[in-house]
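Visitor: I'll drop the sequence and a predicted model, then ask my questions.
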Amino acid sequence: MRVQVGIVGAGPAGLMLSLLLHRAGISSVIVENRSRAYVEARIRAGVIEHWATDLLDELGVGARMRKQGLVHEGIEIRVNGVGRRIDFKQLVNKTITVYGQHEVVKDLIQARLAQGGTIEFEVSETSVDKLDSDQPIIRFKKNGEPHEITCDFIAGCDGFHGVCRPSVPKGLLTEFERVYPFGWLGILAESPPVNYELIYNHHDRGFSLYAMRAPTITRAYLQCDPDEDANKWSDEEIWAELKRRLGPEGETRLKTGRIIEKGVTAMRSFVVEPMQFGRLFLAGDAAHIVPPTGAKGMNLAIADVLFFSRALEAFYKTKSTTLLDGYTTKCLSRIWKAQRFSYFMTTMLHLNPKDGDFDRRRQLAELDYVTSSKAASTALAENYVGLPIN
Ligand code: RFL
Ligand code: PHB
């Protein structure tokens, strides 16, 4: 098979890229090792930045998000039982939309297939080859049969554990990493959200986050050890801890319900530089990971592929490689700012078991400053809703 752009991975990055390329008249094929049902049910991110909602609209895939997504004008930051609101609308005149990543993925898959696009699900043994030639190759097996796609370019959108990043010859990539000494125990539950907006809660027992997927569905997270076994927590213990950390109002405000899903996520910051080698371009989690406290992962993935699609469009129109050559630089400027913000939110809100008394006092002062100074809360709001994209 021959295609202009071969895409590895049908997460938000790979799927968005295929739609952006279709709009530009550039052909693509996606190969994905999981089933369609699996990727459509994988519960992950929940917050979409303002410009990304507009992009989904532009691509004709925003209708369900506009109908079912919840537009939020702020968040609450709570410190040991006392909440203060950060009013995005007032501070930066922008909002975010709460809409599950798996719903975005469903919308993107449906739209791409309706365009006649090809997504090869349930492939195995994916590999990429001849990356420094102008005809790189994706190989994979489907139903036991070997297949080969010859491309002009390969987009490595295969997430943190994918095959594309490790296919770059050793010594050419530099990795920057920070691993945190805590994780999140996340639940999805049939219970009404505690609040009409997200609550980021700093507590002496550890951080917790009260989010939602719908007016009847709660998504919540508890700070835990990074290697915690989710099955060691009974549903009763999870609800009791979520109540305790919410403070005195926890008992009355938090309504319990059936827990549909639970799991533990470790926290990591990671960036690889450069994000390209020859005709391979990495995008999304394949190139960088942020701890989820800033709600930036999916949004960064979408920004990368927007920049990549513009570079490809310029290449096919004019044969100019200027934007392709500048891809890494363009992406990294946004990525490092998101890294900075995610690190800031994470270290400000979690209890770090290694912190001493000085760090704790400084952390509480930071929380007080960020929630009481207009300048500081404006900076938080500006980053949370998403920095301007251009
Ligand atoms: P994905 O979504 O991991 O997709 C990669 C795809 O590649 C496939 N794949 C392969 N396919 C073929 N061959 C191979 N060898 C392959 N290896 C892998 C995988 O099956 C998969 O389908 O990466 P992508 O597209 O870069 O998207 C990144 C986002 O998924 C991620 O950054 C976010 O989920 C992060 N994140 C959040 N981001 C936000 O913007 N807002 C949030 O509120 C937010 N909350 C979160 C999050 C991530 C979380 N977890 C579970 C890590 C909350 C949590 C708890
Ligand atoms: C979520 O809704 O899952 C969510 C929201 C905000 C975050 C992380 C996760 O910062």
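Guide: That came in fine, so what should we check first? Treat the numbers as computed from the prediction; the structure is a model and nothing was measured. Ligands and ions are numbered 1, 2, ... in the order given.

Visitor: check contacts around Gly386.
Guide: Shown in contact with Gly386 (Cβ atoms under 8 Å, 6 or more residues apart in numbering): 49-52, 94, 96, 299. Every C-beta, even on glycine, is put in place using the N, C-alpha and C of the backbone.

Visitor: and Ile187, by the same measure?
Guide: Counting by Cβ under 8 Å, 6+ apart, Ile187 makes contact with 218-221, 238, 259, 261-262.

Visitor: my guess is it is in a strand, correct?
Guide: Yes: counting by DSSP: H, G, I helix; E, B strand; the rest coil, Ile187 is found in a strand.

Visitor: what bridges to it?
Guide: Bridge pairing for Ile187 (DSSP bridges) gives the partners Ala220, Lys262.

Visitor: count the neighbours of the residue in the stretch 1-150 of the chain that ligand 1 sits nearest to for me.
Guide: Proximity of the stretch 1-150 of the chain to ligand 1 (Cβ to the nearest ligand atom) peaks at Gly11, 2.1 Å away. By the criterion of other Cβ atoms under 10 Å, Gly11 has 27 neighbours.

Visitor: kindly report the same for the one 10 residues further on.
Guide: As a burial measure, Leu21 scores 24 neighbours (other Cβ under 10 Å).

Visitor: same check, this time on Tyr384
Guide: Tyr384 has 26 nearby residues by other Cβ under 10 Å.

Visitor: and Thr318, by the same measure?
Guide: Other residues near Thr318 come to 10 when the count uses other Cβ under 10 Å.

Visitor: with just CA atoms, put the lowest-mean-pLDDT helix or strand in the chain into CSV.
Guide: Here the helix or strand of the chain ranked lowest by mean pLDDT, DSSP states H and E is helix 250-253, holding a mean of 89. What follows is helix 250-253, C-alpha atoms only, in CSV (Å, rounded to 0.1, in the frame of the first residue of the first chain):
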residue,chain,number,x,y,z
GLY,A,250,-17.8,16.2,52.7
GLU,A,251,-20.4,14.2,54.6
THR,A,252,-23.3,16.2,53.3
ARG,A,253,-22.1,17.3,49.9
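
Visitor: ok, residues contacting it?
Guide: Contact partners of helix 250-253, identified using Cβ under 8 Å, 6+ apart, comprise 194-195, 242-244, 246.

Visitor: just these now: which is nearest Leu108?
Guide: Distance to Leu108 across the contacts of helix 250-253 (Cβ to Cβ) is lowest for Asn195, with 29.4 Å.
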